[in-house]
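Student: What follows is a predicted structure for the sequence shown.
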Amino acid sequence: MTQDVLGYVLGGSLQEGLTVRLQVPPHRVHEGAFVVMDAPGWRFFGIVTDVALRTTHPRYVENETPDLAPALTHMLRQSTLYTTATVLPVRMMEIGPDPEQDPEGYQRFLQEVDAGLREVRPMPVKTVPPHFSPVRLADQGDVDEIFGRPTEKATFVIGYTREQGHAVRIRLREFIKRSAGVFGATGTGKSFLTRLLLAGIMHHDVASVLVFDMHNEYAYDLPDPDRKVRVDGLKSHFHSRIQVVGLGPGTLIQNRPPDYHLQIPSSEIQPADIELLIHALNLSETASLVLHALYREYGDGWFEHFRSLEIGATEEVEENGKTKTVPAENSVEAWAKRAGIHPESARAIHRRLRLLFDRDYIAPDPPHNTLQQIIQDLQQGRNVILSFGKYEADLDYLLVTNLITRKVREAWVEMTERHRSQKDQAEPRPLVVVIEEAHKLLSREMAVQTIFGTIAREMRKYYVTLLIVDQRPSQIYDEVMSQLGTRISGWLGDEEDIRAVLAGLANRDALRNMLAHLEPREEALVMGWGVPLPIVVRTRRYDETFWRELQGARASMRGKPEDLNRALFG
Amino acid sequence: MEAVKGRLLTSTSTDFLVGCRLRELAGLPFGALVKAPWLTDAPETGDLYGLVAWVRVPESSMARQMAVQPAPTPGMVQDQQSTAEPAEVRVLVVGYRQGRRIHHLLSPYPPRPLAELTLCAPSEVVAFTQEGRLGYLRHILRATDLPMPELLAAHLRQAHEAHVHHGNPDWVHAAVQRVIHLLRDDPPTLLWVLDALSDALPEALAAVKP
Ligand SMILES: Nc1ncnc2c1ncn2[C@@H]1O[C@H](COP(=O)(O)OP(=O)(O)O)[C@@H](O)[C@H]1O
Ligand SMILES: [Mg+2]
């Protein structure tokens, strides 16, 4: 297929990119465009990183050009002024001899490919196309070649190229192999994009998903205030394959009861869980001392015991015939004395922990072990959306996400170890843990304490990866950021955030410009090791059409007549 | 049969000098395409093509005297025009014909001694200038010892007229395009040339051709 040639390679290098002289007007070529350059035997794939106006001589762009006849001015400009694009070559692929010029050679090439003697796949670029190689925009076939074909298993359209609207897929199995991130300023479409990704992962069943749904937006339908339409929740389409879990008894999510309620047995709370909350609870330095003393004395029952103690409780004792008032056996002070802790320290932390003592999602002995239920659901291939209901404070988010993820990971570590030591044990099912407001859990300070930092670092060792969603990537620990395989970022205004999103990637300057020039919403730059080539996409719309496409034509029959009309007649 | 305008005096590879009667100059405008047969043993006939690039009218002793007369009579002017001393016409070689083929290269052979110079008819101007890739323009643009921009402008105007006559008014655009291409690395010269073309071809270059 002969496609419009945009121009020809004039020079350049692998490092700095190729200079392409355009023979089309500059508006036809945008920064970030995905282009293809064919050279004898090889096809190169690259991205446009810059477009520049040039002249063969500076004299031709000075004001003092004489008053020439209009046609002369026109002809002069046509041959002395031109546009170049800088193209960063990223991938190359062997394509064999030209079938028209060397049909035999081409047949031989195909036979060698069929026989497995040659590997034909896009690989990282190691050289450059020769001078005057023609450059064209990638067509759908090229995009498929690089990002995944519709016929490939578990690929999923995440958006469309900006110039020509070619569908861009991600390979979901690759995507979940490493932790990934969705970034962008507030309102750029992170939550919608995450919905899309989750729908894809669930639909293709490539992993179990555990979503910490801090803002109660993923499970059930909700109105979209921006567009005055209803946004389908994932539960509405995946039904029993998603378990919606509400934090605490009686919690309603979007006014609907969840599948079950989570109550955490207080014996599951470890001192380290509380240590995470130093800021959230405004604890002092001595808090650790107190917590560990409690744990030494009561073990897993420490929380319950401490909860049962009272500040300032006294009792009267007879001593040498006199009645004395002393700290009661069930007082914080009595315990402190016994444990050798300063009573004021013990009182302070007891006062602070009252916030937690009052949380109804922590119970001494909940009737159902719903924490275990979550783990089981995930192990059995269901997905869990834990909605926080009325608990919107950082305190709850930090405590609950970390504790649950720790328990879940323990289960996965155990499964992995069993799988590795016993031949007949199945490989654990991959698990993706989704965290919104990820910087709260993965700040520099938190990342070393929370289980999330551990998961990000150990990558896929235990089949658990993170999908972190955040609007302030600069506040996420850079060690964690640099572990992320796929990064999808919407527009970011803050220079620090941009730098953070690009941390550890090659060609950061080019990517920075692409990022800075995104539309403020529904456009994203997909990049990182998880994708073969950084690309700007118009994000796929998350709407009825999306669900129809995902679930096939059957679903459209259930729609309202006008929907059906639209489905049939476009 | 074309009228003979003059005869060869001397030649080099790039130009030749022709002597002609003063009154013949009226039929040899600056920039006109002319030709003269070449000197060869080859069976094929051939001509050198050139442009009238420079003309020198010699001085005579009579003229010196008459110039200071208050009012020379028409008869005196007439006498002066038929003076025996020939005018010199310098012709810039721009190509040649060998048999039926036209080439935009320098001629392999010089013009014959006393070769007859004739003016090319419009149809021959068209035939010569539409040959190949307009390579003959190179010879003009390289002639830096001549008022090159003026020569080019004069030539293009005459050639354009011939092409218009033969139904090809767009020829001049291709020619100008080629000039721009050849000179674009020399902006001062190119801008001089374009300025001259603006004057020489105002109508032809008024509108922008897509
Ligand atoms: N893929 C999409 N499909 C449909 N609407 C979208 C999409 N992405 C963004 N939007 C629109 O943009 C608004 C903001 O998106 P949202 O995902 O809530 O942003 P963020 O989570 O980044 O703050 C949404 O309310 C919706 O109207
Ligand atoms: Mg959001």
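Tutor: All right, it came through fine. Ligands and ions are numbered 1, 2, ... in the order given.
Student: Is there proximity between the host helix or strand of residue B:155 and chain A?
Tutor: Secondary structure from DSSP states H and E places residue B:155 in helix B:148-165. No. If you take C-beta under 8 Å from any C-beta of the partner chain as the test, helix B:148-165 misses chain A, and the best it gets is 11.7 Å. C-beta coordinates here come from the backbone N, C-alpha and C atoms, glycine included.
Student: and that helix, how far from the chain's centre?
Tutor: 10 Å (C-alpha atoms, centre = their mean, to the nearest Å).
Student: Can you dump the C-alpha atoms of the following helix or strand past it in PDB for me?
Tutor: Remark: after helix B:148-165, the chain's next helix or strand is helix B:171-183, criterion DSSP H and E. C-alpha atoms of helix B:171-183 as PDB (Å, rounded to 0.1, in the frame of the first residue of the first chain):
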ATOM      1  CA  TRP B 171       6.800  27.400 -19.700                       C
ATOM      2  CA  VAL B 172       8.200  30.500 -18.000                       C
ATOM      3  CA  HIS B 173       7.200  29.200 -14.600                       C
ATOM      4  CA  ALA B 174       9.200  26.100 -15.100                       C
ATOM      5  CA  ALA B 175      12.100  28.100 -16.300                       C
ATOM      6  CA  VAL B 176      12.000  30.500 -13.300                       C
ATOM      7  CA  GLN B 177      11.700  27.500 -10.900                       C
ATOM      8  CA  ARG B 178      14.800  26.100 -12.400                       C
ATOM      9  CA  VAL B 179      16.600  29.500 -12.100                       C
ATOM     10  CA  ILE B 180      15.600  29.700  -8.400                       C
ATOM     11  CA  HIS B 181      16.800  26.100  -7.900                       C
ATOM     12  CA  LEU B 182      20.200  26.700  -9.500                       C
ATOM     13  CA  LEU B 183      20.800  30.000  -7.700                       C
END
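Student: which secondary structure elements does helix B:171-183 contact?
Tutor: helix A:70-80, helix B:137-142, helix B:148-165, helix B:187-200 (3 or more C-beta pairs under 8 Å, 6 or more residues apart in numbering or on different chains; DSSP states H and E).
Student: Can you say which of those is nearest to ligand 1?
Tutor: Nearest to ligand 1 among the helices and strands packed on helix B:171-183 is helix A:70-80; the distance by C-beta to the nearest ligand atom comes to 42.2 Å.
Student: Next to ligand 1 in this structure, residues from chain B, please.
Tutor: Taking C-beta under 6 Å from any ligand atom, no part of chain B reaches ligand 1.
Student: Please enumerate the strands of chain B.
Tutor: B:4-11, B:15-20, B:33-37, B:46-56, B:87-98, B:101-103, B:116-119 (DSSP state E).
Student: Let's have those strands in TSV, adding mean pLDDT.
Tutor: Shown next, in TSV, are the strands of chain B (pLDDT from 0 to 100):
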stretch	mean pLDDT
strand B:4-11	91
strand B:15-20	95
strand B:33-37	96
strand B:46-56	95
strand B:87-98	95
strand B:101-103	95
strand B:116-119	94
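Student: what sits against the most centrally placed residue in chain B?
Tutor: Central residue of chain B (C-alpha atoms, centre = their mean): residue B:51, 2.0 Å from the mean position. Residues in contact with residue B:51 (C-beta atoms under 8 Å, 6 or more residues apart in numbering or on different chains) are B:31-34, B:91-92, B:94, B:140, B:151, B:155.
Student: and these, which are buried?
Tutor: Buried by 16 or more other C-beta atoms under 10 Å in any protein chain shown: B:31-34, B:91-92, B:94, B:140, B:151, B:155, out of these.
Student: what does the model give the residue in the stretch 151-300 of chain A positioned nearest to chain B for pLDDT?
Tutor: Ranked by C-beta to the nearest C-beta, the top residue of the stretch 151-300 of chain A for proximity to chain B is residue A:163, at 24.9 Å. pLDDT, residue A:163: 82.
Student: what about the closest residue to it other than its chain neighbours, how many neighbours?
Tutor: Take residue A:163 and drop its neighbours on the chain: the residue closest to it by C-beta to C-beta, 6 or more residues apart in numbering or on different chains is residue A:33, 5.4 Å away. Residue A:33 has 23 neighbours, counted by other C-beta atoms under 10 Å in any protein chain shown.
Student: one step back: could you tell me the angle between the helix holding residue B:155 and helix B:187-200?
Tutor: 40 degrees (axes from the mean of the first three to the mean of the last three C-alpha atoms, to 10 degrees).
Student: how about helix B:148-165 as PDB, C-alpha atoms only?
Tutor: In PDB, the C-alpha atoms belonging to helix B:148-165 read as follows (Å, rounded to 0.1, in the frame of the first residue of the first chain):
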ATOM      1  CA  MET B 148      23.700  38.300 -16.300                       C
ATOM      2  CA  PRO B 149      20.400  39.200 -14.700                       C
ATOM      3  CA  GLU B 150      19.500  41.500 -17.600                       C
ATOM      4  CA  LEU B 151      20.500  38.900 -20.100                       C
ATOM      5  CA  LEU B 152      18.400  36.300 -18.500                       C
ATOM      6  CA  ALA B 153      15.500  38.600 -18.200                       C
ATOM      7  CA  ALA B 154      15.700  39.600 -21.800                       C
ATOM      8  CA  HIS B 155      16.000  36.000 -22.900                       C
ATOM      9  CA  LEU B 156      13.200  34.700 -20.800                       C
ATOM     10  CA  ARG B 157      10.800  37.400 -22.000                       C
ATOM     11  CA  GLN B 158      11.500  36.600 -25.600                       C
ATOM     12  CA  ALA B 159      11.300  32.800 -25.100                       C
ATOM     13  CA  HIS B 160       8.100  33.300 -23.100                       C
ATOM     14  CA  GLU B 161       6.600  35.100 -26.000                       C
ATOM     15  CA  ALA B 162       7.500  32.300 -28.400                       C
ATOM     16  CA  HIS B 163       6.000  29.700 -26.000                       C
ATOM     17  CA  VAL B 164       2.800  31.700 -25.600                       C
ATOM     18  CA  HIS B 165       2.600  31.800 -29.300                       C
END
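Student: what comes up buried for it?
Tutor: Judged by neighbour count using 16+ other C-beta under 10 Å, the buried positions of helix B:148-165 are B:148-160, B:162-163.
Student: what packs against that helix?
Tutor: Helix B:148-165 packs on strand B:33-37, strand B:46-56, helix B:122-129, helix B:137-142, helix B:171-183, helix B:187-200, going by 3+ C-beta pairs under 8 Å, 6+ apart.
Student: contact partners of that helix?
Tutor: With C-beta under 8 Å, 6+ apart as the criterion, helix B:148-165 contacts B:29-33, B:51, B:53, B:92, B:122-123, B:125-126, B:129-130, B:137, B:140-141, B:143, B:169, B:171-172, B:175-176, B:179, B:189, B:192-193, B:195-197, B:199-201, B:204.
Student: now stretch B:69-79
Tutor: Residues from elsewhere that reach stretch B:69-79, judged by C-beta under 8 Å, 6+ apart: B:62, B:66.
Student: Could you give me the buried positions within the longest helix along chain A?
Tutor: When chain A is parsed with DSSP state H, its longest helix is helix A:394-421. Residues A:395-409, A:411-413, A:415-416 are the ones in helix A:394-421 that count as buried (16+ other C-beta under 10 Å).
Student: ok so, going back, mind putting the strands of chain B in TSV, distance to residue B:75 included?
Tutor: Converted to TSV, the strands of chain B look like this (distance: least, C-beta to C-beta, whole Å):
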stretch	distance to residue B:75
strand B:4-11	25
strand B:15-20	23
strand B:33-37	32
strand B:46-56	25
strand B:87-98	21
strand B:101-103	46
strand B:116-119	29
